[in-house]
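Asks: no sequence for this one, just the structure:
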């Protein structure tokens, strides 16, 4: 990849941090969320350090997706606060959080089926001229090795191709933090390894990666820190090796 191409996939320069609690680029403090009588999250606190690869694991129903939805602004917590770069984003809209530097992929693809891959990327390039948006989209597709899909309809893509295009689309606005919701689920090991390689390049260029996944091989291999949720609570946090051997984690997850 050329120096110009690397620049195209790098996140925007780190924004000046404001005053707020927490030490990481992303700080979640005391988050609680109920759905009727169901406690989805109970006093969840965690930090995501700048430039890290951080994972969240836990059994189905442990609150992982609810946590991501709160961070991304699509759900409001009942209590607690979320900070991005030291700024309180707890009540910010999804659009404001996106503009603040958070990109996101989804477990279930959100691509527009009746638009081409290139159009899917260009459509979200707010603030860029059409030529600039097209240039960036093509650079990202090339970086992710899916440039040959540029004129394919979203509905024509395979499941694995959708995963890669979702990542490209999330990168269009040069985020500083990427929330990845099960990026490795349902795809073959070869494609999983390709995605790992691409994400490592992005991390080296300054992007902070925060993801949910059940692929323990990958989580334990690439994460600097792993947070484990069970029944809406953080039961362990730390390096992958320490989390893997934690008795509470073995009981709840393994």
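Replies: Great, that's in hand. Since the model is a prediction, treat every value here as computed from it, not as a measurement.
Asks: can you map out the helices along the chain?
Replies: 3-9, 64-72, 94-99, 117-122, 130-143, 159-171, 189-204, 216-222, 240-244, 247-252 (DSSP state H).
Asks: make TSV from these and add mean neighbour count to it.
Replies: (C-beta placed from N, C-alpha, C; glycine too.) Formatted as TSV, the helices of the chain follow (neighbours: other CB atoms under 10 Å):
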stretch	mean neighbour count
helix 3-9	13
helix 64-72	22
helix 94-99	15
helix 117-122	22
helix 130-143	18
helix 159-171	23
helix 189-204	15
helix 216-222	16
helix 240-244	16
helix 247-252	14
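Asks: among the ones you listed, which is nearest residue 230?
Replies: helix 247-252 (3.9 Å; CB to CB).
Asks: pLDDT of that closest one, averaged?
Replies: Regarding helix 247-252, the rounded mean pLDDT is 78.
Asks: what helices and strands are in contact with that helix?
Replies: strand 225-230, strand 233-238 (3 or more CB pairs under 8 Å, 6 or more residues apart in numbering; DSSP states H and E).
Asks: let's go with 6 Å and repeat that
Replies: In terms of contacts (3 or more CB pairs under 6 Å, 6 or more residues apart in numbering; DSSP states H and E), helix 247-252 is packed against strand 233-238.
Asks: which one, of the helices of the chain, ends up nearest to residue 41?
Replies: Closest approach to residue 41 among the helices of the chain is made by helix 64-72 (5.7 Å; CB to CB).
Asks: can you give me the angle the closest one makes with strand 225-230?
Replies: 120 degrees (axes from the mean of the first three to the mean of the last three CA atoms, to 10 degrees).
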